[in-house]
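*Asks:* dropping the sequence and predicted coords here.
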Amino acid sequence: MRVIAIANQKGGCGKTTTAINLAASLAFKNYKVLLIDLDPQSHASFSLGLRTEQLEGSIYNVLSNVDTKRRKLSEVILQLWENFNLAPGHILLSTIEQELRSEEDAISAVHRAIDSLSTDHDFIIIDCPPSLGFLTFNALRASHLLIVPLQCCSLSLMGVGRIINTVELIQLKLQRAPKVKGLITMYDRRTRYGKNTIQEINTYFKDDIFNTIIRVNVTLRETAAHGVPAIRFDKSSRGAMDYMLLADEIIVESRKLFLDDFYEETEHFITEIRDKLKVQAFSFLAPEAKDVYVVGDFNHWTPNESGRLERMPDGRWEKRIALKHGVYKYKFIVGGVWICDPNNIKTVPTEFGVDSLLEI
Ligand SMILES: Nc1ncnc2c1ncn2[C@@H]1O[C@H](COP(=O)(O)OP(=O)(O)O)[C@@H](O)[C@H]1O
Ligand SMILES: [Mg+2]
């Protein structure tokens, strides 16, 4: 499951249009999608034909800490089409910060709600309000990827730095933050974009910008009034096609994120093991011996393959064993005779004599 937040504190840059149409395109491609409308203005829910004030429950009830209002996320989810689920928004979302004021870790409320879902979704898409407040912070904290829609004119880029700073703040606080990618929206090729706009985008996003560019398209504007995403209204419209291309990029991106996680986890695992273990080399000079074993606390004092030394051409016998930090007693068995390690002056008396002592 991948959680994707769509945020930019600027209103009218294409957040809700992107949330709805990306969700619909992924669902069309057979991925199971949940769209969470986290905006008190609930434009996504309205654009999908719902009247939120008439609904039994919304994402507000999921986040609320008032017992009589509280609902599980799975209880407020509505299935709109095949693979396309919606957790509707509500005007009361604007009061939720106040409501959760005294809650510990209120910033993780959305994250916890998503975590509690037992039904699996391939993608969860969160449509954020046009501000960098509590709700957007909650969405970013819950997400793997943040898409920042950029209406392609210089003025609309003002303030984009702030959302990137917010993500950096989350990284500092939680040691984990969503990957950020810019998405150019409402592109009109007849408009001449200044060098500054392109330069600004490059400064903020470098290569982290989607190749897909969402063009200006009347279908995208009109479908909101019909309560359906572009792909369900006119598949051949530019809007439907652009968002299908974006969905393809998202699918590739989510695989990359999966690989990044995998590498990070593997690296973490290897470092942990490396920190815990030390490779100890055991060596014994016995050119005439038939076999040499090392036995000790680390292999239950049993002469088997794990302690069998290998003969070197110069008559030395060698074995490397990875051991955890600790103190170990051990001995060599050379041609059947038990002997202390002649290269180790540390010994410890036992009821049978002495053992060599190794500290790691
Ligand atoms: N690619 C597009 N072409 C034409 N109109 C668009 C496009 N994207 C969004 N719009 C329209 O622009 C307005 C603002 O878009 P919206 O997605 O609601 O932005 P936000 O959620 O960021 O406030 C809406 O009326 C929407 O229908
Ligand atoms: Mg919106």
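*Replies:* Yep, it's here. Owing to the predicted nature of the structure, the values given are computational and were not obtained by experimental measurement. Numbering: from 1, shown residues only. Ligands and ions are numbered 1, 2, ... in the order given.
*Asks:* contacts, neighbours, all on C-alpha from now
*Replies:* Will do.
*Asks:* what's near enough to touch residue 63?
*Replies:* 70, 96, 109-110, 113 (Cα atoms under 8 Å, 6 or more residues apart in numbering).
*Asks:* if you could redo that for residue 171, that was the one I meant.
*Replies:* residue 177.
*Asks:* how much space between it and residue 180?
*Replies:* Here the criterion is Cα to Cα, to the nearest Å. By it, residue 171 lies 12 Å from residue 180.
*Asks:* picking up where we left off before, out of the contacts of residue 63, which are inside helices?
*Replies:* Within the contacts of residue 63, residues falling in helices by DSSP state H are 96, 109-110, 113.
*Asks:* a markdown table please, covering those residues and showing neighbour count.
*Replies:* Shown next, in a markdown table, are the ones in helices among the contacts of residue 63 (neighbours: other Cα atoms under 10 Å):
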| residue | neighbour count |
| --- | --- |
| 96 | 19 |
| 109 | 21 |
| 110 | 25 |
| 113 | 16 |
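*Asks:* report the mean per-residue pLDDT for the top helix by length along the chain.
*Replies:* The longest helix of the chain (DSSP H) is helix 238-276. Average pLDDT, helix 238-276: 88.
*Asks:* that helix: which residues count as buried?
*Replies:* By 16 or more other Cα atoms under 10 Å, the buried positions in helix 238-276 come out as 238-248, 250-251, 254, 257.
*Asks:* which residues of the stretch 51-200 of the chain fall in helices?
*Replies:* Assigned by DSSP state H, counting those that start in this stretch, the stretch 51-200 of the chain shows helices spanning 59-63, 73-76, 96-99, 109-115, 134-142, 160-174, 195-205.
*Asks:* what of the stretch 251-360 of the chain?
*Replies:* Assigned by DSSP H, counting those that start in this stretch, the stretch 251-360 of the chain shows no helices.
*Asks:* from it, which residue is nearest to ligand 1?
*Replies:* Going by Cα to the nearest ligand atom, ligand 1 is nearest to residue 251 of the stretch 251-360 of the chain, at 20.8 Å.
*Asks:* tally of neighbours for the closest residue to residue 331 other than its chain neighbours?
*Replies:* Of all residues not flanking residue 331 in the chain, residue 340 sits nearest, at 5.0 Å (Cα to Cα, 6 or more residues apart in numbering). Neighbour count for residue 340, taken as other Cα atoms under 10 Å: 20.
*Asks:* so what pLDDT did residue 156 get?
*Replies:* 63.
*Asks:* hmm, who's touching stretch 148-163?
*Replies:* Residues contacting stretch 148-163 (Cα under 8 Å, 6+ apart): 6-10, 13-15, 18, 132, 180-187, 193-194, 196-197, 200-201, 204.
*Asks:* right, I mislabeled it, should have said stretch 100-108
*Replies:* Residues from elsewhere that reach stretch 100-108 (Cα under 8 Å, 6+ apart): 64-65, 134, 137-138, 141-142.
*Asks:* how distant is it from the center of its chain?
*Replies:* Centroid displacement of stretch 100-108 relative to its chain, using Cα atoms, centre = their mean, to the nearest Å, is 22 Å.
*Asks:* do stretch 225-235 as well
*Replies:* 31 Å.
*Asks:* could you do stretch 342-358 as well?
*Replies:* 51 Å.
*Asks:* and the most centrally placed residue in the chain, what does it touch?
*Replies:* Averaging the C-alpha coordinates of the chain gives a centre point, and the residue nearest to it by Cα atoms, centre = their mean is residue 144 (4.1 Å). Residues near residue 144 by Cα under 8 Å, 6+ apart: 2-4, 177-179, 257.
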